[in-house]
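Trainee: need coordinates for the below:
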Amino acid sequence: MTSPLTDAPDSVQERWSPRLWGTLLVLCAAMFLDALDVSMVGVALPSIATDLGLSTATLQWIVSGYILGYGGLLLLGGRAADLLGRRRVFLIALAVFALASLLGGLVDSGPLLIASRFIKGLSAAFTAPAGLSIITTTFKEGPSATAPWPSTPPARPPASPWAWSCPGCSPS
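Mentor: Residues are numbered from 1 along each chain as shown. Here you go, the predicted structure:
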């Protein structure tokens with residue numbers, strides 16, 4: 001089976017190195033964790049309430065702590081990435097996120113859990129803009145980024161719906 005890149009012109013053919021794939025994988029995982037952390041704590045709230053003996057109002061602060069740190073400092077995170085360097089800000093914020101996650105897993109009181117959630121939100125506010133900036137500056141846009149997929153649909157509809165997602169797979 002041939003790669004879709006082999007049919008592209010020479011100027012468009014470009015193989016990504018394993019390092020580029022690793023960079024993309026780490027950046028995507030960090031973006032995924034930033035987004036997931038907002039909602040995944042909602043599943044654990046009932047067990048957190050019983051284990052730590054917290055009221056409903058305190059449980060709300062567990063959710064809100066992350067969002068306040070994230071939303072309140074997102075612009076500052078982008079500016080810090082511009083001034084101090086994208087990679088440096090991303091790696092430091094990722095390390096702080098990991099440490100705050102460890103701290104949040106080990107605490108046994110509500111206020112410490114809320115503080116760890118705020119710190120996680122704060123570090124996510126720095127990883128998100130730095131990570132997105134790394135993606136936009138590291139990976140080219142245009143034909144070389146989308147070479148395997150056509151930019152315009154075919155003149156007539158494909159024979160099967162799968163053909164839209166897999167160019168060149170149409171039986172006709």
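Trainee: any idea how far the longest helix seen in the chain is from the middle of the chain?
Mentor: The longest helix of the chain (DSSP state H) is helix 18-52. Between the centre of helix 18-52 and the centre of its chain there are 9 Å (CA atoms, centre = their mean, to the nearest Å).
Trainee: list the buried residues of the next helix or strand after that helix.
Mentor: Note on helix 18-52: by DSSP states H and E, the next helix or strand toward the C-terminus is helix 56-84. Judged by neighbour count (16 or more other CB atoms under 10 Å), helix 56-84 contains these buried residues: 58-59, 61-63, 65-66, 68-70, 73-74, 77-78, 80-81. In this view, the C-beta of every residue, glycine as well, is placed from N, C-alpha and C.
Trainee: do the same with stretch 24-31
Mentor: Applying 16+ other CB under 10 Å to stretch 24-31 flags 27, 30-31 as buried.
Trainee: could you list every residue that touches residue 117?
Mentor: 41, 62-63, 65-66, 69, 100, 104 (CB atoms under 8 Å, 6 or more residues apart in numbering).
Trainee: roughly how far apart are it and residue 71?
Mentor: 13 Å (CB to CB, to the nearest Å).
Trainee: cool, residue 51 as well?
Mentor: Taking CB to CB, one finds residue 51 at 28 Å from residue 71.
Trainee: around residue 118, count how many other residues there are.
Mentor: 22 (other CB atoms under 10 Å).
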